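Novice: Mind looking at a prediction? Sequence and model below.
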Amino acid sequence: MAITAFGLVYLSSLFAVAMLSGIFSLSAASLYLVMDAVDVAFTEAAVGAGISTVLMLGTLALTTRREKTSKDNKALPLVIVSATGALLIYATLDMPPYGDPAAPINHHVAVRYIEKSGIEVGPPNIVTSVLASYRGYDTLGEVTVIFTAAIGVMALMGRSRKPRRKQKKDRA
Amino acid sequence: MQYIHDHFNYWIVIVLMMTGFYMVIAHKNMIKKIVGLNIFQVSVFVFYISMGKIEGGTAPILADGIDVYSNPLPHVLILTAIVVGVATTALGLALTVRINDSFGSIEEDVIEAAENAEDDKTSALRAGNRK
């Protein structure tokens, strides 16, 4: 997966970048599957590998297929990135180990969700119970965000087409 | 050795995150910037999911005879985040298309040059009007 990501940095053909980002999403989905997050894997495979790739191809069709190779100095970004990465790795040194049941994340409400959601909400899938019931407002907020984004996309794309039509009419 | 195994997931996340970060700041092409943002996002998702994993646990779907489940809470949060991420990607790509319509390019330096030229032109015009 990291190799795919590095490939994304170096490719300048944007078509290949779109395809490779689809592969990247798919490998991310299988990684989620390994880590027991089946619902997340479904969503990532459908939305990340599917819809994102289609959107990206659509954009490529409307814009351009090649990235202009610039001869700018890449040293400064590389230094910034390495420094940030080193700091973050330093920060992980005292994180709880992978798969540790005693880690703080596994203690607050999660235990209650696992024990009670079958009785309180019903569906055997705990993720569904939490999404629709315990964190219902969160999901409502998510829908609001998607709605806003959809309005934004429609406003941007709708307006970009109209002036062209007008020009054509003017010429005629 | 055990220590490396325990923390390897965090390091992969950081490598991915920094790759995305590098793509955002080093590339001038807008589509590549958006792809970089996506990689950054996915790294955060992997971070959350890997924290929720419990050794010996299964997927959080209730079934008889299973006692250990992985933590469902990060799964829910990331489910929301993936969908929101796609919404923002769509918005970013729409903006890219719009910019391409106005400037004829999706390279940041070309757009900046075009914008500066336009500014110079308008200020020259204004100066001419004052005279």
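Specialist: Yes, it's here. Residues are numbered from 1 along each chain as shown, chains lettered A, B, ... in the order given.
Novice: For A:His145, which non-adjacent residue is closest in space?
Specialist: Not His; residue A:145 is Val. Excluding its sequence neighbours, the residue lying closest to A:Val145 (C-beta to C-beta, 6 or more residues apart in numbering or on different chains) is B:Val84, at 5.1 Å. Yep, even glycine has a C-beta here, placed from its N, CA and C like the rest.
Novice: Give me the helices and strands touching the helix or strand where the one you found lies, please.
Specialist: If you go by DSSP states H and E, B:Val84 is part of helix B:72-103. Under the contact criterion of 3 or more C-beta pairs under 8 Å, 6 or more residues apart in numbering or on different chains; DSSP states H and E, helix B:72-103 touches helix A:38-43, helix A:52-62, helix A:109-120, helix A:126-129, helix A:136-171, helix B:30-52, helix B:108-130.
Novice: what angle separates that helix from helix B:30-52?
Specialist: 180 degrees (axes from the mean of the first three to the mean of the last three C-alpha atoms, to 10 degrees).
Novice: Can you check the pLDDT for the spatially most central residue of chain A?
Specialist: Centroid check for chain A by C-alpha atoms, centre = their mean gives A:Gly48 as the closest residue, at 6.2 Å. A:Gly48 carries a pLDDT score of 79 in this model.
Novice: Can you tell me how far it is from A:Ile23?
Specialist: When distance is defined by C-beta to C-beta, to the nearest Å, A:Gly48 is 11 Å away from A:Ile23.
Novice: do A:Gly50 as well
Specialist: 12 Å.
Novice: picking that back up, disregarding flanking residues, what is the spatial nearest neighbour of the residue nearest to the centre of chain A?
Specialist: Excluding the flanking residues, the one nearest A:Gly48 by C-beta to C-beta, 6+ apart is A:Ser25, at 3.6 Å.
Novice: buried sites along the one helix or strand the one you found maps to?
Specialist: Assigning secondary structure by DSSP H and E places A:Ser25 in helix A:14-34. Neighbour-count burial for helix A:14-34, counted by 16 or more other C-beta atoms under 10 Å in any protein chain shown, picks out A:14, A:17-18, A:20-22, A:24-29, A:31-33.
Novice: What of stretch B:2-17?
Specialist: B:7, B:9-10, B:12-17.
Novice: Now narrow the residues you listed to whatever sits close to chain A.
Specialist: B:7, B:9-10, B:12, B:14-17 (C-beta under 8 Å from any C-beta of the partner chain).
Novice: Give me the distance between the residue most central in space within chain B and chain A.
Specialist: Residue closest to the average C-alpha location in chain B (C-alpha atoms, centre = their mean): B:Leu37, at 2.1 Å. Computed with C-beta to the nearest C-beta, to the nearest Å, the distance linking B:Leu37 and chain A is 11 Å.
Novice: Contact partners for the closest residue to that residue other than its chain neighbours?
Specialist: Spatial nearest neighbour of B:Leu37, chain neighbours left out: B:Val24 (6.1 Å); criterion: C-beta to C-beta, 6+ apart. Shown in contact with B:Val24 (C-beta atoms under 8 Å, 6 or more residues apart in numbering or on different chains): B:33, B:36-37, B:40.
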